[in-house]
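**Q** pasted the sequence and its predicted model underneath.
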Amino acid sequence: MPTSSTSPFPAGPRLAAPQDRDRLGTFLTASWAALHLPVLVLLGFAVQQQVDARPEAAVAAAPDLPIQ
């Protein structure tokens, strides 16, 4: 029995062709990103606004020191 192969293709595992991508997974990933990224940006602005306002609130809440 001959051990050589006459097939023009390698005997290794076959990879999926580019047109066989998971379209549903791609759509769901894009939908998740489109819905969540604006929310994350708005939360980032809200946190930054709180951090920027913190030193002013701390100074206003500090009691005045007596003058000696």
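**A** Structure's in. What do you need? Quick caveat: nothing in here was measured; it's all calculated off a predicted structure.
**Q** residue 48: what secondary structure?
**A** helix (DSSP: H, G, I helix; E, B strand; the rest coil).
**Q** I'd like to know how many residues surround it.
**A** 10 (other CB atoms under 10 Å). The way it works is simple: take the backbone N, C-alpha and C, and place the C-beta from them, glycine included.
**Q** do the one 3 residues further on as well
**A** The burial count assigned to residue 51 is 9, neighbours taken as other CB under 10 Å.
**Q** host element of it?
**A** helix 23-61 (DSSP states H and E).
**Q** buried sites along that helix?
**A** Residues of helix 23-61 classed as buried by neighbour count (16 or more other CB atoms under 10 Å): none.
**Q** what mean pLDDT does it get?
**A** If you average the pLDDT over helix 23-61, you get 85.
**Q** let's number from 614 now, not from 1
**A** That works, and once the first residue is 614, the last one we named lands at helix 636-674.
**Q** for residue 680, grab the count of nearby residues.
**A** 4.
**Q** what pLDDT does it get?
**A** Confidence score, pLDDT, at residue 680: 74.
**Q** what about it, which SS state?
**A** coil.
**Q** roughly how far apart are residue 640 and residue 647?
**A** 10 Å (CB to CB, to the nearest Å).
**Q** relative to residue 642, how far out is residue 650?
**A** 12 Å.
**Q** dihedrals phi and psi, residue 679?
**A** When read as degrees, to the nearest 10, the backbone of residue 679 gives phi -70, psi 140.
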